[in-house]
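Colleague: Need a 3D model of the following:
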Amino acid sequence: MKLICPICGGCASLEAWQSDADARNFVVGITNLPPDLQKCAIAYIGLFRPEKGRGLAWAKANKLLSEFAALTALTSVNWDGSGVKPITAKIWKEAVEAVVERRPTQLKNHNYLKHTAYDMAAKAAEKGPDTYGSASTTAPAGDSQPVKPVAPRAYSEKEKARGLEIFNRLTGRLFQPRQEVETEDQKRKRMLDQVEDDRINS
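Modeller: Below is the predicted model:
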């Protein structure tokens, strides 16, 4: 059975997605992000699709996700030599959501997000420190340097199992063939599963 990812446009069989190491690592990487960033991160990574009709390779998606995690973990941001601005997780989330809402196409790097976040951080700084908390004012010098991805770490067996469980819940159960004849218990369970899937994907 061929499945098409609604985010990146990639096409592959369900079995391939379940067994692909990069696909599993991506799911685990998403679950390791702060909860507020998990859903919008997937939509954000989807903005890097090269062109209409082409998908985003899992390896590329993992690289972008690693860079995204490193960038949104910063507590200060600098843009175009305009000075360092403290930034919080809340501002990063709002910046990601703003970029996703604008839906720029075929992004090449994270500068669009960085610029958006800097503008929001600057406005928050003008309103006073209570707006952005006590974030550090230390930031990497210069804006020409690309965001360095976080070095991949070895996931524990428990983390791998959890990532695969979430992956299976989001994809596998939706596409399993139904039996031609269902008992009332099977029908009830299928309907409950569908409600749970709809809740997860909403």
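
Colleague: Val77 should be in a helix, yeah?
Modeller: No. Counting by DSSP: H, G, I helix; E, B strand; the rest coil, Val77 is not part of a helix but strand.

Colleague: For it, the count of nearby residues, please.
Modeller: 26 (other CB atoms under 10 Å). The C-beta positions use only the backbone N, C-alpha and C, and glycine is treated the same way.

Colleague: Distance check, it against Tyr118.
Modeller: 5 Å (CB to CB, to the nearest Å).

Colleague: Likewise for Val100?
Modeller: For Val100, the distance to Tyr118 - CB to CB - is 17 Å.

Colleague: higher neighbour count, these two?
Modeller: Set side by side, Val100 and Tyr118 show more neighbours around Tyr118, with 23 against 18, by other CB under 10 Å.

Colleague: how about that one, what does it touch?
Modeller: Contact analysis of Tyr118 by CB atoms under 8 Å, 6 or more residues apart in numbering lists 77-79, 82, 85, 87.

Colleague: In PyMOL, select just the buried ones from the residues you listed.
Modeller: To isolate in PyMOL the members of the contacts of Tyr118 that are buried, counting by 16 or more other CB atoms under 10 Å, one can use:
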select buried, resi 77+78+79+85+87
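
Colleague: where's Ile45, which helix or strand?
Modeller: Here Ile45 sits within helix 35-46, counting by DSSP states H and E.

Colleague: Could you list the buried residues of the helix or strand following that helix?
Modeller: From helix 35-46 onward toward the C-terminus, using DSSP H and E, the following helix or strand is helix 58-72. Within helix 58-72, the residues scored as buried using 16+ other CB under 10 Å are 58, 60-69, 71-72.

Colleague: ok, back up a step: list residues touching both of Val77 and Tyr118?
Modeller: Contact criterion CB under 8 Å, 6+ apart; residues shared by Val77 and Tyr118: 85, 87.

Colleague: so where does the residue nearest to Ala122 when sequence neighbours are not counted fall, helix or strand?
Modeller: In this structure, Ala122 finds its nearest non-sequential neighbour in Lys85, 5.2 Å apart by CB to CB, 6 or more residues apart in numbering. Here Lys85 is covered by strand 84-86, with elements defined by DSSP H and E.

Colleague: thinking again about what came up before, correct me, but the residue nearest to Ala122 touches Ala121?
Modeller: Yes. Judged on CB atoms under 8 Å, Lys85 makes contact with Ala121 at a distance of 3.9 Å.

Colleague: worst-scoring helix or strand of this structure, pLDDT-wise?
Modeller: The least trusted helix or strand in the chain, going by mean pLDDT, DSSP states H and E, turns out to be helix 173-175, with a mean of 41.

Colleague: On the pLDDT front, check the residue nearest to Ala122 for me.
Modeller: On pLDDT, Lys85 comes in at 91.
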